[in-house]
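>>> Got a sequence here, can you model it:
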Amino acid sequence: MTRTYSLFSRVSSVVLVAAAMISMGSSLALASGSHEGGHEKMKKDMHGKMHDQMHNKGGHGHGAAASIGEPGVASEVTRSIEITMLDNLFEPESISVKKGETIKFIVKNEGEFVHEFNIGTAAMHAHHQEEMMMMMEHGALEADKINHDMMKMDMGGGKTMEHNDPNSVLLEPSKSTEIIWKFSKETELEFACNVPGHYESGMMGKVKFK
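Residues are numbered from 1 along each chain as shown. Take a look at the predicted model:
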């Protein structure tokens, strides 16, 4: 990959993130401009929206995760794969696995923005992108920062915005962590970053079964 392409990709990512945040800001401004309740009404309405969507869709995370595999056990790990997250791309750009294989992913964020490594189907990523946009709207997620206290906010019914699914990690710049995942079922999978604007700018890769 050439330096020119990397620079172009980085600029594209910045533009997409900025557009998402501008759009978010516009909607907040309109809400706060309401003559009925102002800022408090906006917070109440957004809280209600988040509550309804999390209950209707099973809460933050992926109830369907069981259909793509399961959390792995360290003693069953067959190999490790290092995943580097840059600004709008992954290295490597695709991975190959075997059905029944347990892999330890060592995930590092070497970009300047918050990034996610998430294993799922295209439909799961589309759903999660809506959740991530709500996290940004609520201030739990910023372009380069995760507001962990906001993540723990009670949305009702025991639901929060915490990003704690076993098939996914959300990392601030310069952070790293590990995921152990067992690919017990063969299906069409992607690994992706669902932070607003990132998936659309190409931050995803294919999981290929051998």
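>>> rest of the way, CA atoms for contacts and neighbours
Noted.
>>> Strands of the chain, start to end?
Per DSSP state E, the chain carries strands over the ranges 70-71, 79-86, 89-91, 94-97, 102-109, 115-120, 141-142, 145-146, 168-171, 176-182, 189-192, 204-209.
>>> With respect to burial, which of those strands scores highest?
Mean neighbour count, computed with mean count of other Cα atoms under 10 Å, is highest for strand 115-120 among those, reaching a mean of 26.
>>> Give the partner strands of that strand in its sheet and their orientations.
Applying DSSP bridges, strand 115-120 is found paired with strand 168-171 (antiparallel), strand 189-192 (antiparallel).
>>> Kindly export the first one (C-alpha atoms) in PDB.
Coordinates of each C-alpha in strand 168-171 appear next as PDB, following Å, rounded to 0.1, in the frame of the first residue of the first chain:
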ATOM      1  CA  SER A 168     -15.900  -7.100  19.800                       C
ATOM      2  CA  VAL A 169     -13.500  -4.500  21.300                       C
ATOM      3  CA  LEU A 170     -13.600  -0.700  21.200                       C
ATOM      4  CA  LEU A 171     -10.200   1.000  21.700                       C
END
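>>> quick revisit: same list (the strands of the chain) but as TSV, adding distance to E130 and mean pLDDT.
Output for these, formatted as TSV (distance: least, Cα to Cα, whole Å; pLDDT from 0 to 100):
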stretch	distance to E130	mean pLDDT
strand 70-71	23	96
strand 79-86	21	98
strand 89-91	20	97
strand 94-97	24	98
strand 102-109	22	98
strand 115-120	14	98
strand 141-142	13	95
strand 145-146	17	96
strand 168-171	15	97
strand 176-182	23	98
strand 189-192	14	98
strand 204-209	16	97
